[in-house]
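>>> Sequence and predicted structure are below.
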Amino acid sequence: MQGLITKSTGSWYQVQTPDGQKIDCRIKGKFRIKGITTTNPIAVGDIVDFEMEPDREDGVITNLRQRKNYIIRKAINLSKQAQIIAANLDQAILVVTLASPRTSLGFIDRFLVTAEAYDIPARLVFNKLDLFSDEGLEVLADYKAIYEDIGYPCFEVSAIEGTNINQVQDLLKDKVTLFSGHSGVGKSSLINALLPELELRTNMVSDWSDKGMHTTTFAEMFELPQGGFIIDTPGIRELGVIDIEKQELGHFFPEMRERMHDCRFNNCRHINEPGCAVLEALEEGEITLSRYESYLSIYHGNDTRA
């Protein structure tokens with residue numbers, strides 16, 4: 001039998017069959033070590049084959065079907081291993097907040113680079129619009145300008161007040177969409193605004209650390225009434241870029257990618273080489289300094305800071 005992974009708790013997986021039945025499954029023993037280098041060999045969004053256990057209501061996953069794509073990050077405690085966040089995505093939405101907790105430009109850039117590397121269209125949703133002062137709205141405009149200028153659609157919402165939720169709703173129709181971001185940015189509140197019947201648990205941002213407190217403890221996929229699915233994931237404190245070679249990193253920055261063929265040297269690193277079209281664009285203000293600093297940070301391996 002074939003099914004779609006709609007929930008992963010680490011040891012058990014919920015598999016949805018084509019007729020809508022949901023069956024709890026585990027992984028077949030030898031499957032766990034067969035060439036799998038990630039901490040989780042199967043992720044939400046995967047298509048799998050499974051068979052029912054004799055005389056039981058649960059099953060065993062026997063095969064993983066080929067993925068269209070996936071999004072991945074370094075496992076925080078095991079730097080040589082990686083964690084697949086979700087698979088077979090049509091798009092990824094990063095939920096961003098400028099305060100309580102603040103999402104750094106570096107974190108946004110690492111997420112976008114990862115999405116580019118795995119060929120997943122990305123969008124930014126700036127949440128908690130209800131908390132913004134006039135000064136905060138100016139900063140928001142600056143952030144949006146950075147990313148809209150290089151082709152990433154940006155949206156301003158308040159999940160609590162329902163502001164512009166319809167814009168996000170329109171994005172989701174008939175697509176499999178990953179929702180990601182720091183803990184506390186309002187992913188669960190946003191999903192509750194999109195699907196009120198779910199009543200996902202939400203939590204306040206921790207006063208002492210200004211870091212979000214985890215409310216989603218495992219990845220889960222929800223079906224949308226207008227067609228499509230959204231995948232809610234646990235909040236990410238850190239996002240390590242993995243499986244990207246230094247010489248190909250520039251390809252995953254769209255504003256660098258479009259200029260690289262003008263560099264004097266084919267193997268230009270865009271750091272201090274003469275005749276570098278990227279550095280020239282940086283000097284002319286055509287490439288944002290924060291984006292270039294993110295490039296250097298990832299290039300030199302300093303890429304897990306929140």
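Perfect, thanks for sending it.
>>> Bridge partners for Gly228, pull those for me.
Lys175 (DSSP bridges).
>>> Leu171 is in contact with that one, correct?
No - between Gly228 and Leu171 there is no contact under C-beta atoms under 8 Å: 9.4 Å. From N, CA and C alone the C-beta is placed, and that goes for glycine too.
>>> if I look at the residue sitting nearest the centre point of the chain, how far off is Ala219?
Ranked by distance to the mean C-alpha position of the chain (C-alpha atoms, centre = their mean), the top residue is Ser180 at 4.6 Å. Plainly put, Ser180 is 10 Å away from Ala219 if you go by C-beta to C-beta, to the nearest Å.
>>> Next: Lys187.
As defined by C-beta to C-beta, Lys187 lies at a distance of 12 Å from Ala219.
>>> More neighbours: which of the two?
Neighbour comparison, Lys187 and Ala219: the larger count goes to Lys187, with 29 against 23 (by other C-beta atoms under 10 Å).
>>> ok, back up a step: who touches both of Gly228 and Leu171?
Jointly contacting Gly228 and Leu171 under the rule C-beta atoms under 8 Å, 6 or more residues apart in numbering are Thr177.
>>> hmm, which helix or strand of this structure has the shakiest average pLDDT?
For the chain, using mean pLDDT, DSSP states H and E, the weakest element among its helices and strands is strand 70-74, scoring a mean of 82.
>>> Starting from that one, tell me which strands it pairs with and how they run.
Under the criterion DSSP bridges, strand 70-74 sits next to strand 82-87 (antiparallel) in its sheet.
>>> Identify the residues contacting the partner strand?
In this structure, residues lying in contact with strand 82-87 by C-beta under 8 Å, 6+ apart are 5, 37-40, 43-46, 67-75, 178, 180, 219, 231, 233, 242-243.
>>> Now do the buried residues in the helix of greatest length in the chain.
Using DSSP state H to assign secondary structure, the helix with the most residues in the chain is helix 134-148. When neighbours are counted by 16 or more other C-beta atoms under 10 Å, the buried residues of helix 134-148 are found to be 140, 143-144, 146-147.
>>> So in that sheet, which strands flank whichever strand or helix holds Arg26, and in what orientation?
Using DSSP states H and E, Arg26 sits in strand 22-27. Listed by DSSP bridges, the sheet partners of strand 22-27 and their directions read strand 13-16 (antiparallel), strand 59-64 (parallel).
>>> So which of those is the most surrounded?
Neighbour counts (mean count of other C-beta atoms under 10 Å) averaged over each of the strands paired with strand 22-27 peak at strand 13-16, with a mean of 22.
>>> With only the CA atoms kept, save that strand in PDB.
The C-alpha coordinates for strand 13-16 follow below in PDB (Å, rounded to 0.1, in the frame of the first residue of the first chain):
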ATOM      1  CA  TYR A  13       4.700   8.200  11.500                       C
ATOM      2  CA  GLN A  14       1.100   8.900  10.500                       C
ATOM      3  CA  VAL A  15       0.500   7.700   7.000                       C
ATOM      4  CA  GLN A  16      -2.600   8.900   5.100                       C
END
